[in-house]
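Enquirer: A predicted structure for the sequence below; I have some questions about it.
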Amino acid sequence: MDGIFTAFEVLLFAAVILLIEGAWLWWSGAHGRGARRIAKRLRLMAARGERGGERIDILKQRCYSRNPALEKLLRRVGRLAALDRLLLQAGVRWSVAQFIACVLALLVPGLLLPAMLNMPALAGAALTALILSLPWAMLMRTRRARLLKLEQQLPEAADFLGRALRAGHSFANVMQMVGEELPEPIAGEFKFAYEEINYGVPMNEALHNLAMRVPLTDLRYLVIAVLIQRESGGNLAEVLGNISRLIRARLRLMAQVRVMSAEGRMSAWILGLLPLCVLALMMVVNPAYVRVLWTDPAGITLTWYTLVMAVGGVLWMRKLIRIRV
């Protein structure tokens with residue numbers, strides 16, 4: 001009897017524990033923090049459907065700043081979306097607030113340097129604008145280098161997509177394979193598009209977002225081919241192979257053009273930078289001799305004529321050596 005009573009006590013204790021745990025799981029599933037968050041999301045979506053309001057985005061948005069108040073203030077400026085798109089295309093980890101803070105930090109030396117050199121107002125404003133444009137120049141240079149690398153990796157990605165499609169994989173799985181097996185930066189772009197599809201974004205919209213993040217003509221050809229194939233059907237693997245051959249031929253032609261125009265580009269750089277380098281050297285060696293250019297009226301007139309002729313020459317040489325392919 002003692003053994004039966006002990007077993008009954010153990011079973012009763014286990015039943016009470018299971019009952020308490022079941023009640024806790026039920027309460028947390030129906031009234032817990034996660035359940036309240038899901039219910040709030042469903043109420044917002046239901047309200048959106050009733051009044052036809054704005055679209056609710058379930059994807060993670062890029063933040064402009066970690067400070068909520070500054071984030072809300074920056075979101076009100078619509079033109080900052082273009083800056084955020086440039087930062088995204090350049091592949092840098094800076095946020096919009098950090099980039100603006102860098103520009104504002106350069107405002108101090110941009111204002112102090114012309115005053116220390118006793119430069120006239122117009123020349124000082126030009127120097128200040130040049131200093132403030134340095135972050136923009138670095139951003140555009142980084143973006144251009146990343147896009148060039150993406151363009152060079154695109155034929156390999158198109159061939160990879162075609163081979164995987166011939167092996168029987170779906171296009172979404174092929175995008176995941178590209179994101180896992182190819183090198184950066186093209187792997188990150190395709191992986192991001194695949195994650196968007198997993199979050200519920202339609203395939204067409206995810207491909208449009210990919211073309212927006214990577215503004216390359218060749219990639220847009222690839223996206224258009226995929227979208228047309230999804231609408232009308234066809235052999236997508238063969239189309240991707242043709243696009244890959246077209247991109248490779250275009251890259252070879254561009255390389256030949258760069259080689260043939262290398263002498264003209266080098267001449268443009270030398271003729272454009274040589275007067276500035278000589279001016280900077282003379283300001284260090286004999287500042288009083290150069291200061292006449294912005295203190296004497298004749299020197300100011302001569303400086304303006306020189307600047308106009310130099311800018312015109314640089315633009316003309318740039319037009320001669322810039323060949324679109």
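Expert: Alright, I've got the coordinates.
Enquirer: got the buried residues for stretch 247-257?
Expert: 247, 248, 251 (16 or more other C-beta atoms under 10 Å). Just so you know, the C-beta spots here come from the backbone N, C-alpha and C atoms, and that holds for glycine as well.
Enquirer: Then stretch 133-141?
Expert: Neighbour-count burial for stretch 133-141 [16+ other C-beta under 10 Å]: 135, 139.
Enquirer: Look up the pLDDT of residue 19 for me, please.
Expert: Looking at residue 19, its pLDDT reads 64.
Enquirer: Okay, now the unreliable bits of the stretch 201-325 of the chain?
Expert: Counting by pLDDT under 70, the ranges of the stretch 201-325 of the chain that qualify are 324-325.
Enquirer: what about the helices in it?
Expert: With DSSP state H, counting those that start in this stretch as the criterion, the stretch 201-325 of the chain has helices at 203-213, 217-232, 236-260, 262-285, 287-290, 292-295, 297-321.
Enquirer: Turn those helices into a markdown table, columns for distance to residue 145.
Expert: Formatted as a markdown table, those follow (distance: least, C-beta to C-beta, whole Å):
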| stretch | distance to residue 145 |
| --- | --- |
| helix 203-213 | 16 |
| helix 217-232 | 16 |
| helix 236-260 | 15 |
| helix 262-285 | 17 |
| helix 287-290 | 35 |
| helix 292-295 | 36 |
| helix 297-321 | 19 |
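Enquirer: Turn the buried residues of stretch 247-257 into a markdown table, columns for distance to residue 81.
Expert: Shown next, in a markdown table, are the buried residues of stretch 247-257 (distance: C-beta to C-beta, whole Å):
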| residue | distance to residue 81 |
| --- | --- |
| 247 | 30 |
| 248 | 35 |
| 251 | 31 |
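Enquirer: next SSE after the helix ranked longest in the chain?
Expert: Assignment by DSSP state H gives helix 134-166 as the longest helix of the chain. Per DSSP states H and E, the first helix or strand lying C-terminal to helix 134-166 is helix 171-181.
Enquirer: what about residue 148, neighbour count?
Expert: Residues contacting residue 148 under the criterion other C-beta atoms under 10 Å number 12.
Enquirer: Need the pLDDT of it.
Expert: Residue 148 carries a pLDDT value of 89.
Enquirer: Okay, domains of the chain per the record?
Expert: 3-27+62-146, 158-249, 254-321 (the TED database).
Enquirer: looking at those domains, which is closest to residue 152?
Expert: With C-beta to C-beta as the measure, domain 158-249 is the member of the domains of the chain nearest residue 152 (9.2 Å).
Enquirer: What is the linear distance spanned by that closest one between its boundary residues?
Expert: 14 Å (C-alpha to C-alpha, to the nearest Å).
Enquirer: now stretch 285-293
Expert: Stretch 285-293 has its terminal residues 15 Å apart, counting by C-alpha to C-alpha.
Enquirer: got the buried residues for that stretch?
Expert: 290, 291, 293.
Enquirer: Please name the nearest non-neighbouring residue to the residue nearest in space to the middle of the chain.
Expert: Nearest to the mean C-alpha position of the chain, counting by C-alpha atoms, centre = their mean, stands residue 88 at 1.6 Å. In this structure, residue 88 finds its nearest non-sequential neighbour in residue 213, 6.0 Å apart by C-beta to C-beta, 6 or more residues apart in numbering.
Enquirer: so what's that neighbour up against?
Expert: Residue 213 sits next to 85, 88, 89, 189, 192 when contact means C-beta atoms under 8 Å, 6 or more residues apart in numbering.
Enquirer: Out of the residues you listed, who's the most crowded?
Expert: residue 189 (23 neighbours).
Enquirer: Using CSV, write down the CA coordinates of the strand or helix carrying that one.
Expert: Element membership for residue 189, per DSSP H and E: helix 186-198. Coordinates of the C-alpha atoms in helix 186-198 are reproduced here as CSV (Å, rounded to 0.1, in the frame of the first residue of the first chain):
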residue,chain,number,x,y,z
ILE,A,186,27.1,40.5,-55.7
ALA,A,187,26.4,37.8,-53.2
GLY,A,188,25.0,40.2,-50.7
GLU,A,189,22.7,41.8,-53.2
PHE,A,190,21.2,38.5,-54.3
LYS,A,191,21.0,37.3,-50.7
PHE,A,192,19.1,40.4,-49.7
ALA,A,193,16.6,39.9,-52.6
TYR,A,194,16.1,36.3,-51.5
GLU,A,195,15.5,37.4,-47.9
GLU,A,196,12.9,39.8,-49.2
ILE,A,197,11.1,37.0,-51.0
ASN,A,198,11.2,34.9,-47.8
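Enquirer: Many thanks, we can stop here.
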